[in-house]
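J.: here are the coordinates; sequence isn't available:
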């Protein structure tokens, strides 16, 4: 029996969606043009390179809380970089971990399921007794962000 090592793109936990941000529509012919209608590209806002929060939403559902929007965007960005195996991922993870650790308060975390939150903290080896749900959620967020740095190679060869 042999096992295949899955690449990040094949892992079933978080699925990657390729999104075409450009759409087309028909415009009326311009003056003097003989042809039928032309097609013109319209680019949607936000641009393609902005992280899609839906790609990583399942992480937060399983953790039992929703972090502040900036943390959601950070993890979505790290996920996108990891899926493309970008060498900058571990550096970005380090910067975001330091930023998350130095936040002044635990506001902005929406706790969906305290039992799941404590279970996720236990899985990451985070002590949760005597801590508020916000403190636990922040510690789990830091652990999730830090996990991207631990998994990524520093340089492509």
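T.: Yep, that arrived. Remember, it's a predicted structure, so these values are computed and weren't measured experimentally.
J.: Contacts only, for residue 64.
T.: Counting by CB atoms under 8 Å, 6 or more residues apart in numbering, residue 64 touches 111, 112, 113, 114, 115, 116, 117, 118, 119, 120. C-beta here means a position set from N, CA and C on the backbone, and glycine is covered the same way.
J.: Kindly report the same for residue 113.
T.: By CB under 8 Å, 6+ apart, the contact set of residue 113 is 64, 65.
J.: Report pLDDT for it.
T.: We have a pLDDT of 96 for residue 113.
J.: May I see the contacts of residue 64 arranged in CSV, with secondary structure and distance to residue 146 as well?
T.: Shown next, in CSV, are the contacts of residue 64 (DSSP: H, G, I helix; E, B strand; the rest coil; distance: CB to CB, whole Å):
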residue, secondary structure, distance to residue 146
111, strand, 21
112, coil, 22
113, coil, 22
114, helix, 23
115, helix, 23
116, helix, 20
117, helix, 17
118, helix, 19
119, helix, 19
120, helix, 14
